[in-house]
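Undergrad: Provide a 3D model corresponding to the input given below.
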Amino acid sequence: MELLPRAVGRGVAFVPGAAFDADAADVCTLRLSFVTASVEQIDAGIAALAAIIREDLARTTLC
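TA: You can find the predicted model right below:
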């Protein structure tokens, strides 16, 4: 299952990193924006992303 919809389901959004790479569209990257988030929100968001990634790694490889 894709990371983005699962992250959004947990209240975290990001932009796939390939949109910011002019040379090669690396599907294994992402871009986070945290300028308006508090430290607590950043911690919670990173924890949510880490949990989703761990779940995926337990099933298969991401890339």
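Undergrad: Quick one: low-confidence residue ranges for the chain.
TA: The chain contains residues with pLDDT under 70 at 1, 24-25, 61-63.
Undergrad: need the helices for it, in chain order.
TA: 3-9, 39-59 (DSSP state H).
Undergrad: In TSV: these, plus distance to Asp21 and mean neighbour count.
TA: The way it works is simple: take the backbone N, C-alpha and C, and place the C-beta from them, glycine included. Putting these into TSV (distance: least, Cβ to Cβ, whole Å; neighbours: other Cβ atoms under 10 Å) gives the following:
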stretch	distance to Asp21	mean neighbour count
helix 3-9	17	14
helix 39-59	19	12
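Undergrad: With just CA atoms, put stretch 47-58 into CSV.
TA: Taking Å, rounded to 0.1, in the frame of the first residue of the first chain, the C-alpha atoms of stretch 47-58 are listed here in CSV:
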residue,chain,number,x,y,z
ALA,A,47,6.5,9.0,14.8
ALA,A,48,3.5,8.3,12.6
LEU,A,49,5.6,8.1,9.5
ALA,A,50,8.1,5.8,11.3
ALA,A,51,5.2,3.5,12.4
ILE,A,52,3.9,3.2,8.8
ILE,A,53,7.3,2.5,7.4
ARG,A,54,8.0,-0.1,10.1
GLU,A,55,4.7,-1.8,9.2
ASP,A,56,5.6,-1.9,5.5
LEU,A,57,9.1,-3.2,6.2
ALA,A,58,7.6,-6.0,8.3
